[in-house]
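Asks: predicted model and sequence follow; I will ask about them next.
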Amino acid sequence: MTIQNELTPHQIVGELDRYIIGQHEAKKSVAIALRNRWRRLNASAEMRDEIMPNNIIMIGPTGVGKTEIARRLAKLSGAPFVKVEATKFTEVGYVGRDVDSMIRDLCDIAINMVREEHSSSVQEKAVQRAEDRILDILIPPAPVVLSKVPVITTPGFEMQQGQPAAQVGAASIDDHVLRTRTRDKFRKKLRDGDLDEREIEIEVSSDQSPMLQVFGPMGMEEMGVNMQDIFGNLGGKKSKKRRVPVAEAREILTQAEAQKLIDMDKVTKQALERVQQSGIVFIDEIDKVATRGGAGKSGPDVSREGVQRDLLPIVEGSSVNTKYGMVKTDHILFIASGAFHIAKPSDLIPELQGRFPIRVELDSLTEEDFYKILTVPQNALLKQYKALLESEGVDVEFTDEAVREVAHMAAAVNEDVENIGARRLHTILTTLLEDILFDVPDAMRDDHFLVDRDLVLSKLAEVVENRDLSQYIL
Ligand SMILES: Nc1ncnc2c1ncn2[C@@H]1O[C@H](COP(=O)(O)OP(=O)(O)OP(=O)(O)O)[C@@H](O)[C@H]1O
Ligand SMILES: [Mg+2]
């Protein structure tokens, strides 16, 4: 088995660079960790089991890109990836999610992923079958005229070809030829999309409809039991008839046929394998479950430390029971992240610290970083606003000095009020652009709008300089 993605560490950093400014150390660490998965899978079989993943803790102030790095890594890793918040978990026995559920979520994700892949490999066949089903509805297959003499037929026999000619009237043979011809004509029309608008009645099995959602009682989750599986199958698979346009019917039926063609046992097996060999779990806000000092432990702290203790076996390597089967967590990569403002990594229980041997610190963002964040990444904020206004036919342009000024203000407010990292840029830009976003298209009819330094100053200087105001507005 190989991980689809075989980016080298440099390439991984290069990909991350397209979205995240700076934070080179963190990018480097995750790139190495990701590549090590691939290296391990290509090592000799005996060594493979010995090589353990090196789990990582990313430490850094709020809003500097920790979660963003994880999110981007997920996209480009091609491995099953789940992001969880440590604060969502509680010790077993408390109300909340138990830590095992992160592995179950990971399995769900892997199953979907593998099923998607399988479904694209059977796509062609499914499309064909769906087409046949639609044609069957449009032109029902020729009814077979049997002789008056009662014959014992086995189910399905009537459909068989090559029946004794004596039993089929001459007229019906012509009929048959005609029908085949009509069918071919319709097939062509169908493919050309000529029939897309026409309505037909199809049978859809209701278990496909996402309307039915059954929530299990708390605690059922631990058993890895899906209530939907239990109740969904009560009384068998219900199907109901629906009238839909052919275009939609084609989609529904293709999907249904694809489901039938997929071998779910194989999907499950592959998915579990993938989880165990290349799964990645990102645990955000790990600092929030770190307890400070030994004294005065009470209230929620008990549960927090419990969460850490529950995490240990999973991070270390154990078997978790999921509804798809047992999953071994030994080679799953864990990346934890936290601001560690109040608690320090050393406030985590020692065993857990040992499970995360690699520490990377992310840097606070500077004015220069802000300038780049505004302009460089593919999803840079200014590009986002430009795209928003473009949809109204307005071309908004920011002068370089204006962008520098925004970056400068963001850095200043972060320093004066509170450092919220790059999130500051969001608040500043919305304040700056509020009027134009409101006035387009009603009150502003120009199709070009220039944001220069003067405009930035006139809109924001007062707010930025007045600490009380900026506390509320920015
Ligand atoms: N270095 C960066 N380059 C580009 N964008 C960034 C960077 N840092 C943060 N951002 C942007 O700022 C926003 C917040 O970043 P992110 O969610 O990664 O913060 P975080 O470090 O996880 O903070 P927290 O500790 O509060 O969870 C995101 O929209 C992200 O795109
Ligand atoms: Mg975060």
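Replies: The structure has been received and is ready for your questions. In this text, all values refer to a predicted model and were calculated from it rather than measured experimentally. Ligands and ions are numbered 1, 2, ... in the order given.
Asks: name the nearest residue to residue 464, ignoring sequence neighbours.
Replies: If you skip the residues right next to it in sequence, residue 464 has residue 409 as its closest partner in space, 4.9 Å away by Cβ to Cβ, 6 or more residues apart in numbering. C-beta coordinates here come from the backbone N, C-alpha and C atoms, glycine included.
Asks: quick check: which ranges of the protein have low pLDDT?
Replies: Applying pLDDT under 70 to the chain picks out residues 1-5, 91-96, 141-172, 206-238, 292-303.
Asks: can you give me the strands in it?
Replies: 56-59, 81-85, 199-205, 239-245, 280-284, 319-322, 325-328, 333-338, 358-361, 395-398, 448-451 (DSSP state E).
Asks: before we move on, back to that, quick one, what contacts the residue nearest to residue 464?
Replies: 428, 456, 460, 464 (Cβ atoms under 8 Å, 6 or more residues apart in numbering).
Asks: one more time with 10 Å, if that's ok
Replies: Neighbouring residues of residue 409 by Cβ atoms under 10 Å, 6 or more residues apart in numbering: 367, 370, 424-425, 428, 431-432, 456-457, 460-461, 463-465, 470, 474.
Asks: what of residue 47?
Replies: residue 40.
Asks: how close does it get to residue 358?
Replies: 20 Å (Cβ to Cβ, to the nearest Å).
Asks: enumerate the residues of the stretch 251-400 of the chain near ligand 1.
Replies: With Cβ under 6 Å from any ligand atom as the criterion, the stretch 251-400 of the chain meets ligand 1 at residues 339, 373, 377.
Asks: repeat that with 5 Å
Replies: 339, 373 (Cβ under 5 Å from any ligand atom).
Asks: tell me where the stretch 251-400 of the chain has helices.
Replies: 264-278, 300-316, 350-355, 367-375, 381-390, 400-416 (DSSP state H, counting those that start in this stretch).
Asks: so what's the residue count around the residue nearest to residue 246 when sequence neighbours are not counted?
Replies: Closest residue to residue 246 apart from its sequence neighbours, by Cβ to Cβ, 6+ apart: residue 195 at 4.7 Å. Using other Cβ atoms under 10 Å, residue 195 is surrounded by 20 other residues.
Asks: can you report phi and psi for residue 195?
Replies: phi -100, psi 0 (degrees, to the nearest 10).
Asks: OK, contacts around it?
Replies: Applying Cβ under 10 Å, 6+ apart, the residues near residue 195 are 134-135, 138, 186-187, 189, 245-247, 249-250.
Asks: inside helices: which ones of these?
Replies: 134-135, 138, 186-187, 189, 246-247, 249-250 (DSSP state H).
Asks: of those residues, buried ones?
Replies: Among the ones in helices among the contacts of residue 195, those classed as buried by 16 or more other Cβ atoms under 10 Å are 134-135, 138, 186-187, 246, 249-250.
Asks: residue of the stretch 351-474 of the chain nearest ligand 1, please.
Replies: Using Cβ to the nearest ligand atom, the closest approach of the stretch 351-474 of the chain to ligand 1 is made by residue 422 at 3.3 Å.
Asks: my error: substitute the stretch 151-300 of the chain in the last question.
Replies: For the stretch 151-300 of the chain, Cβ to the nearest ligand atom, closest residue to ligand 1: residue 284, 6.3 Å.
Asks: isn't that residue right up against residue 334?
Replies: No: counting by Cβ atoms under 10 Å, residue 284 stays clear of residue 334, with 11.6 Å between them.
Asks: compare these two (neighbour count), which wins?
Replies: residue 334 (24 against 20).
Asks: who's the closest spatial neighbour of that one, skipping the chain neighbours?
Replies: residue 55 (4.3 Å).
Asks: any idea how far ligand 1 is from that neighbour?
Replies: Distance from residue 55 to ligand 1, counting by Cβ to the nearest ligand atom, to the nearest Å: 18 Å.
Asks: how about that residue, what does it touch?
Replies: With Cβ under 10 Å, 6+ apart, residue 55 has these contacts: 33, 281, 283, 315-316, 332-336, 352, 354-358.
Asks: buried subset of those?
Replies: By 16+ other Cβ under 10 Å, these give 33, 281, 283, 315-316, 332-336, 352, 355-356 as buried.
Asks: how many neighbours does the residue of the stretch 351-474 of the chain closest to ligand 1 have?
Replies: 21.
Asks: repeat that for the one 3 residues further on.
Replies: The burial count assigned to residue 425 is 24, neighbours taken as other Cβ under 10 Å.
Asks: does it touch residue 372 like I think?
Replies: No: look at residue 425 against residue 372 with Cβ under 10 Å: they stay out of range, at 11.0 Å.
Asks: pull up the overlap in contacts between the two.
Replies: Common neighbours of residue 425 and residue 372 (criterion: Cβ under 10 Å, 6+ apart): 365, 380, 407.
Asks: quick one: which of these is nearest residue 239?
Replies: Among those, residue 380 lies closest to residue 239 (Cβ to Cβ), at 49.1 Å.
Asks: how about the nearest residue to that closest one, chain neighbours excluded?
Replies: residue 374 (6.0 Å).
Asks: domain ranges for the protein?
Replies: Using automatic domain parsing, the domains assigned to the chain come out as 9-118+275-361, 123-143+168-261, 367-467.
Asks: most packed of those domains?
Replies: Most buried of the domains of the chain, by mean neighbour count (mean count of other Cβ atoms under 10 Å): domain 9-118+275-361, with a mean of 18.
Asks: hang on, the earlier thing: can you pull the contacts of the residue of the stretch 151-300 of the chain closest to ligand 1?
Replies: 58, 66-67, 70, 83-88, 335-338.
Asks: residue contacts, residue 259?
Replies: 115, 119, 122, 126, 205, 208.
Asks: farthest pair within the residues you listed?
Replies: 122 and 205, at 18.0 Å, using Cβ to Cβ across these.
Asks: would you mind writing the CA trace of stretch 357-369 as PDB?
Replies: What follows is stretch 357-369 as a C-alpha-only set of coordinates in PDB (Å, rounded to 0.1, in the frame of the first residue of the first chain):
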ATOM      1  CA  PRO A 357       8.700  14.500  21.400                       C
ATOM      2  CA  ILE A 358       8.800  17.100  18.700                       C
ATOM      3  CA  ARG A 359       8.000  20.700  19.700                       C
ATOM      4  CA  VAL A 360       7.800  23.500  17.300                       C
ATOM      5  CA  GLU A 361       7.200  27.100  18.100                       C
ATOM      6  CA  LEU A 362       5.300  29.400  15.800                       C
ATOM      7  CA  ASP A 363       6.400  33.000  15.700                       C
ATOM      8  CA  SER A 364       4.300  36.000  16.400                       C
ATOM      9  CA  LEU A 365       3.400  37.800  13.200                       C
ATOM     10  CA  THR A 366       5.100  41.000  12.300                       C
ATOM     11  CA  GLU A 367       3.900  44.000  10.300                       C
ATOM     12  CA  GLU A 368       5.800  42.600   7.300                       C
ATOM     13  CA  ASP A 369       4.100  39.200   7.700                       C
END
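Asks: run the chain-centre distance for that stretch.
Replies: Remark: stretch 357-369 is offset 26 Å from the chain centroid, using Cα atoms, centre = their mean, to the nearest Å.
Asks: next one: stretch 466-474
Replies: With Cα atoms, centre = their mean as the basis, the mean position of stretch 466-474 lies at 36 Å from the chain mean.
Asks: what comes up buried for it?
Replies: 470, 473-474.
Asks: columns distance to residue 26 on top of those, output as CSV?
Replies: Listed next are the buried residues of stretch 466-474 as CSV, based on distance: Cβ to Cβ, whole Å:
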residue, distance to residue 26
470, 29
473, 31
474, 27
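Asks: thanks again, I'm all set now.
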